[in-house]
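Q: Sequence first, then the predicted structure:
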Amino acid sequence: MASELGPCPPRFVELKKEIAGSYPDFEARVTKAWGEILQELEKATKEIASKGSQNVPEVNFSELGSLSPERVEEIKRKGSVVIRDVVDDAEAKEWQAWLREYVTKNPDIEGFPDHDKQFFQLYWTKSQVRARAHPNVLETTKWLNQMYHVKSGEQVENVDLTTPLNYADRFRIRHPGVQWDAHPPHIDGGSIERWEDQVFRSCFADILSGNWREHDPYDLRNRINARSSLYKRPNQSTVFRTYQGWLALSETAPNEGTLQVFPNVLLSNAYIVLRPFFTPKEGKSAESFAPEDWQFDISNPDFPGIYSLGHAFTGPRPNTNSHPHLRLDETMVSVPKVFPGDMVFWHCDVIHAVEKQHVGKEDSTVMYIPAVPYTPANAAYVERQRESFLKGSSPPDFPVTKGEGHCVGVGKEDDIENPVAKRAMGFSIEVA
């Protein structure tokens with residue numbers, strides 16, 4: 001895919017000018033903020049690198065209702081968490097066995113790499129349908145959804161953080177010894193839309209006003225109406241996911257193809273959102289943390305980490321060249337070792353990646369299951385997704401495939417047993 005990536009179009013100069021004209025004293029305020037962010041990053045990245053996997057909080061499912069406010073704040077600050085024992089080990093292992101059976105009995109299924117499929121374009125296996133419907137999985141995503149709030153205190157109509165919804169995604173069975181370059185550091189849930197869509201941009205209003213420390217990544221107000229897919233690119237989520245996540249069906253440790261995160265969502269948001277407005281002064285290094293080595297510059301269309309992809313855009317894909325102050329070669333920390341039934345979640349703005357190397361001895365198997373709250377837009381998507389499920393076709397956000405309706409072992413409506421799970425999949429609930 002890298003060969004298909006292109007530069008930002010010239011019209012993005014006008015987008016920068018529009019943004020700069022939308023906030024009072026923009027140049028002065030963001031220049032001051034940029035200098036503060038660089039100095040903060042110089043300290044924070046060293047601390048992150050020194051702690052490694054210890055940056056990522058670990059809690060048990062049984063603790064979710066009794067965690068101290070300080071522990072919850074730590075999870076929110078880091079933007080990532082490992083939640084232990086969400087599903088019983090034996091059940092998780094059974095789901096893994098069913099997945100293996102599914103891909104064996106249905107050899108025409110789609111996935112990559114073509115010669116040795118490990119990441120599957122499959123959504124409706126019995127394992128996936130049952131996992132999404134599991135009461136503990138739904139309770140976990142409900143708990144995560146409730147980390148969000150409206151900063152101003154005003155009421156937002158027709159939003160229910162206590163009603164979890166399902167977003168059908170895929171799974172992977174990654175083999176040891178295979179180099180994996182498909183998922184370098186990136187952020188999902190919107191590319192250039194973070195700046196171009198005015199509502200999405202409003203999620204970062206404190207940053208763009210220069211008050212970056214006041215930015216609240218958990219403010220619901222504009223998130224629920226932000227348009228994250230202006231260009232209808234396949235694989236671009238149109239749903240608001242509070243956290244992305246996966247359920248482990250196998251043991252997976254650091255260096256065994258696991259998830260990596262940059263564990264400071266406030267700092268990474270502030271830096272990435274303001275990065276397009278600054279360039280190093282002539283003769284100064286792009287790696288300099290000294291504020292005086294940088295200048296405000298909106299004369300070019302570049303949004304570092306954003307790339308054109310056909311008629312759409314992809315990213316942010318920060319790297320050590322585009323975003324050197326993140327020190328991603330040292331600060332993309334691997335999540336701690338997980339076991340079958342554990343879940344891993346990361347905030348929708350968190351920079352994340354998949355380790356290139358898997359030096360373990362066993363396959364690394366995970367099912368992608370995010371946290372999705374009830375909003376009108378999310379509910380409308382789930383209605384369409386339900387029809388895809390009943391037909392065995394790809395969900396609306398994903399590329400069209402030959403479908404799974406013909407597959408042996410495909411999940412059925414009967415696999416969704418409890419009322420909360422039925423509602424999460426868009427089925428009507430009978431009231432006695």
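A: Received, thanks.
Q: hey, C-alpha coordinates of stretch 120-130 in CSV?
A: Output of stretch 120-130 as CSV, limited to C-alpha atoms (Å, rounded to 0.1, in the frame of the first residue of the first chain):
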residue,chain,number,x,y,z
PHE,A,120,-9.1,-12.5,7.9
GLN,A,121,-11.9,-10.4,6.2
LEU,A,122,-14.4,-12.2,8.3
TYR,A,123,-17.0,-10.8,10.6
TRP,A,124,-19.7,-13.4,11.3
THR,A,125,-18.1,-16.6,12.6
LYS,A,126,-19.9,-18.2,15.5
SER,A,127,-16.9,-17.3,17.7
GLN,A,128,-17.2,-13.6,16.8
VAL,A,129,-20.9,-13.4,17.2
ARG,A,130,-20.9,-15.1,20.6
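Q: ok, residues contacting that stretch?
A: 95-96, 98-99, 102-103, 109-111, 168-173, 249, 367, 388-389, 392, 394-395, 398-399, 401, 404, 407, 409-412, 415-416 (CB atoms under 8 Å, 6 or more residues apart in numbering). (Each C-beta comes from the backbone N, C-alpha and C, glycine too.)
Q: which stretches of the stretch 301-432 of the chain form strands?
A: Secondary structure of the stretch 301-432 of the chain (DSSP state E, counting those that start in this stretch): strands at 307-309, 312-314, 333-334, 343-347, 352-354, 364-368, 372-374.
Q: Quickly run through the sheet partners of the shortest one, with directions.
A: Strand 333-334 has the following sheet partners, assigned by DSSP bridges: strand 259-261 (antiparallel).
Q: pLDDT weak spots in this protein?
A: For the chain, the stretches flagged by pLDDT under 70 are 1-3, 429-432.
Q: Against Gly315, how distant is the closest residue to Lys151 other than its chain neighbours?
A: If the residues on either side of it in the chain are set aside, Lys151 comes closest to Asp219, at 4.2 Å by CB to CB, 6 or more residues apart in numbering. Per CB to CB, to the nearest Å, Asp219 is found 23 Å from Gly315.
Q: Repeat that for Leu326.
A: Remark: distance between Leu326 and Gly315 (CB to CB) = 14 Å.
Q: Which one of these two is surrounded by more residues?
A: Leu326 (26 against 22; other CB atoms under 10 Å).
Q: what's the burial count for the residue nearest to Lys93 when sequence neighbours are not counted?
A: Once flanking residues are discounted, Lys93 sits nearest to Pro340: 5.2 Å by CB to CB, 6+ apart. Pro340 has 22 neighbouring residues, counting by other CB under 10 Å.
Q: Contacts only, for the closest residue to Gln357 other than its chain neighbours.
A: In space, and not counting its chain neighbours, Gln357 is closest to Asn255: 6.0 Å by CB to CB, 6+ apart. Each residue near Asn255 by CB under 8 Å, 6+ apart is listed here: Ser334, Glu355, Gln357, His358, Val359, Gly360.
Q: Against Asp342, how distant is the closest residue to the last one other than its chain neighbours?
A: With CB to CB, 6+ apart as the criterion, Gly360 has its nearest non-adjacent residue at 3.6 Å, and that residue is Glu256. Distance from Glu256 to Asp342, counting by CB to CB: 14 Å.
Q: before we move on, what about Met332?
A: 20 Å.
Q: If you count surrounding residues, which of the two has more?
A: The residue with more neighbours, out of Met332 and Asp342, is Asp342; 27 against 22, by other CB under 10 Å.
Q: Which residue is the nearest non-sequential neighbour of that one?
A: In space, Asp342 is closest to Ala248, 4.7 Å off (CB to CB, 6+ apart).
Q: Ok, Tyr231 next?
A: Using CB to CB, 6+ apart, the nearest residue to Tyr231 is Ala312, at 3.5 Å.
Q: just Asp293 next, same as before
A: Lys284 (3.9 Å).
Q: Helix or strand: which one has that neighbour?
A: Taking DSSP states H and E as the criterion, no element holds Lys284; it sits outside all helices and strands.
Q: That one: neighbour count?
A: 14.
Q: from what I can see it touches Phe278, true?
A: No - using CB atoms under 8 Å, Lys284 makes no contact with Phe278, being 11.3 Å away.
Q: Quickly list what's touching both of the two.
A: Common neighbours of Lys284 and Phe278 (CB under 8 Å, 6+ apart) are Trp294.
Q: Quick check: the gap between the residue nearest to Gln357 and Gly52.
A: According to CB to CB, Asn255 and Gly52 sit 12 Å apart.
Q: if I look at these two, which residues touch both of them?
A: Listed as contacting both Asn255 and Gly52 by CB under 8 Å, 6+ apart are Ser334.
Q: Which of the three states applies to Leu161?
A: State at Leu161, reduced to three classes by DSSP: H, G, I helix; E, B strand; the rest coil: strand.
Q: and it, what does it touch?
A: Residues near Leu161 by CB under 8 Å, 6+ apart: Lys142, Asn145, Gln146, Tyr148, Leu220, Pro373, Tyr374.
Q: With Trp212 as the reference, measure out to it.
A: For Leu161, the distance to Trp212 - CB to CB - is 26 Å.
Q: what does Glu417 give?
A: Going from Glu417 to Trp212 by CB to CB gives 46 Å.
Q: So which of those two has more stuff around it?
A: More crowded of Glu417 and Trp212, by other CB under 10 Å: Trp212, with 25 against 12.
Q: one step back: doesn't Val86 make contact with the residue nearest to Lys93?
A: No - assessed by CB under 8 Å, Pro340 is found out of contact with Val86, at 10.3 Å.
Q: what are the ranges of the helices in the stretch 251-400 of the chain?
A: Taking DSSP state H, counting those that start in this stretch as the criterion, the stretch 251-400 of the chain carries its helices at 265-274, 328-331, 376-391.
Q: Which other helices and strands does the first one contact?
A: Identification of packing neighbours for helix 265-274 by 3 or more CB pairs under 8 Å, 6 or more residues apart in numbering; DSSP states H and E yields helix 26-51, helix 69-78, helix 205-208.
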